[in-house]
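Enquirer: the following block contains a protein sequence and its predicted model.
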Amino acid sequence: MPGTIVVGVTEKPVSRRAVDWACGRAIARGLRIELISIVGGAIGVVGEGHVVDEALRRTSDLLEGEVVRVRERGATADGRVRRGRPVEQLIAASEEAAMLVIGSDYRGHGTGPERGQHGLRITAGAHCPVAVVPDLDLAERTGVVVGVDGSEVSEAALAFAAEEADRLGEPLTAVSTWTPIALPYEMDGYPTSYLESMKHITEETLAIALAGLAENHPDLQVHRVVEYGFPASVINRLAAHARMAVVGSHGRGAIGRFLLGSTSELVLSRLATTTVVVRPEKTP
């Protein structure tokens, strides 16, 4: 399924936003969509069979309706009901996908709980880039925000974000931040030269990362932001007015399979817009 966007579908309202977002991307890039709903695995208690059968029936009806809706919009789509644990099933489905799309019912600071651990585990364990779509109306927003730190991971995030911004005809905001080490005990403050040096190095890092961007995207409008602060806080503040945010992740590992980098995790836990987590080895 290299040309497939996989979308996790549930009965929650945000699921329709996730499907709609995936549909727009699939049509624009000539990709197909596979909608997947998960019904929990049986545990063998008395009377469970009827409950599972009814869950399968209702889930199949839900999925069929979403497949029809996507096809009516002009995208190629199929649906599949899977049995098992949602995290494991969606990670497995991501293995051959171009992108995995999931919804988040987090509606912003002070309006409810942060994104649950299931979503973070899916994003961390997935084999492909993951788009997390919030339950927010983004129709009036513009622009793409991307975090840049000079690493290979952020290079992949920048490339993805630049292509998206260019395709949408909207500006790209590239963000680099700097944070000094904790102030040593009994020091009254940081030397001015130290703070100025950190800022200068961060500006240079961002300039180097953006150096070749104009060659591939000559018409792309790029805003550079270099700030003192923590990356996730700055990215989410800017993303509150953006159509999309993009962050990099070092991907899966034997030990850190279900761990994201601190910046990626914090950005997702305070989701401000549709956020794509990109890995360097596979970008759609």
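Expert: Received the coordinates, thanks. Numbering: from 1, shown residues only.
Enquirer: who's in contact with Thr142?
Expert: Residues in contact with Thr142, defined by Cβ atoms under 8 Å, 6 or more residues apart in numbering, are 170-171, 241-243. Where C-beta positions appear, they are placed from N, C-alpha and C, glycine not excepted.
Enquirer: just the buried residues out of the residues you listed, in PyMOL syntax.
Expert: Buried subset of the contacts of Thr142, written as a PyMOL selection, criterion 16 or more other Cβ atoms under 10 Å:
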select buried, resi 170+242+243
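Enquirer: in helices only, show me the contacts of Thr142.
Expert: With helices taken from DSSP state H, there is no overlap with those.
Enquirer: low-confidence ranges in the protein?
Expert: Low-confidence segments of the chain, defined by pLDDT under 70: 1-2, 41-49, 106-117, 250-261, 281-284.
Enquirer: now stretch 57-64 - C-alpha only, PDB.
Expert: Output of stretch 57-64 as PDB, limited to C-alpha atoms (Å, rounded to 0.1, in the frame of the first residue of the first chain):
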ATOM      1  CA  ARG A  57     -22.300  -4.900  12.600                       C
ATOM      2  CA  ARG A  58     -22.400  -1.300  13.800                       C
ATOM      3  CA  THR A  59     -18.800  -0.700  13.000                       C
ATOM      4  CA  SER A  60     -19.200  -2.100   9.500                       C
ATOM      5  CA  ASP A  61     -22.200   0.200   8.900                       C
ATOM      6  CA  LEU A  62     -20.200   3.200  10.100                       C
ATOM      7  CA  LEU A  63     -17.300   2.300   7.900                       C
ATOM      8  CA  GLU A  64     -19.500   1.700   4.800                       C
END
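Enquirer: which positions within it qualify as buried?
Expert: 59, 62-63.
Enquirer: follow-up on the earlier one: need the contacts of Thr142 in CSV with distance to Pro184, can you?
Expert: Compiled in CSV, those are given as follows (distance: Cβ to Cβ, whole Å):
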residue, distance to Pro184
Glu170, 44
Pro171, 40
His241, 38
Ala242, 37
Arg243, 42
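Enquirer: go through the contacts of Thr142 and name the one nearest Ala214.
Expert: Pro171 (13.8 Å; Cβ to Cβ).
Enquirer: what's the distance between the residue nearest to the closest one when sequence neighbours are not counted and Thr142?
Expert: Setting aside the residues directly before and after it, Pro171 is nearest to Gln221 in space (Cβ to Cβ, 6 or more residues apart in numbering), at 4.2 Å. The gap separating Gln221 from Thr142 is 11 Å, by Cβ to Cβ, to the nearest Å.
Enquirer: any common contacting residues for these two?
Expert: Common contacts of Gln221 and Thr142 (Cβ under 8 Å, 6+ apart): Pro171.
Enquirer: where do the strands sit along the stretch 51-200 of the chain?
Expert: 77-83, 99-104, 130-134, 144-147, 172-178 (DSSP state E, counting those that start in this stretch).
Enquirer: okay, now the sheet partners of the third one, with direction.
Expert: Spelled out, it's strand 130-134. Here strand 130-134 has these sheet partners by DSSP bridges: strand 99-104 (parallel), strand 274-278 (antiparallel).
Enquirer: next: the fourth one.
Expert: Each strand pairing with strand 144-147, determined using DSSP bridges, is listed with its direction: strand 172-178 (parallel), strand 244-248 (parallel).
Enquirer: now the ones you listed in a markdown table, with mean neighbour count and distance to Lys12?
Expert: Shown next, in a markdown table, are the strands paired with strand 144-147 (neighbours: other Cβ atoms under 10 Å; distance: least, Cβ to Cβ, whole Å):
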| stretch | mean neighbour count | distance to Lys12 |
| --- | --- | --- |
| strand 172-178 | 23 | 30 |
| strand 244-248 | 29 | 21 |
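Enquirer: nearest the geometric middle of this protein, what residue?
Expert: Compute the mean C-alpha point of the chain, and by Cα atoms, centre = their mean the closest residue is Val276, 2.5 Å away.
Enquirer: which residues does whichever helix in the chain runs longest contact?
Expert: The single longest helix within the chain, with elements called by DSSP H, is helix 48-72. Contacts to helix 48-72, defined as Cβ under 8 Å, 6+ apart, come from residues 9, 11, 15-16, 19, 23, 33, 35, 37, 39-40, 42, 77-81.
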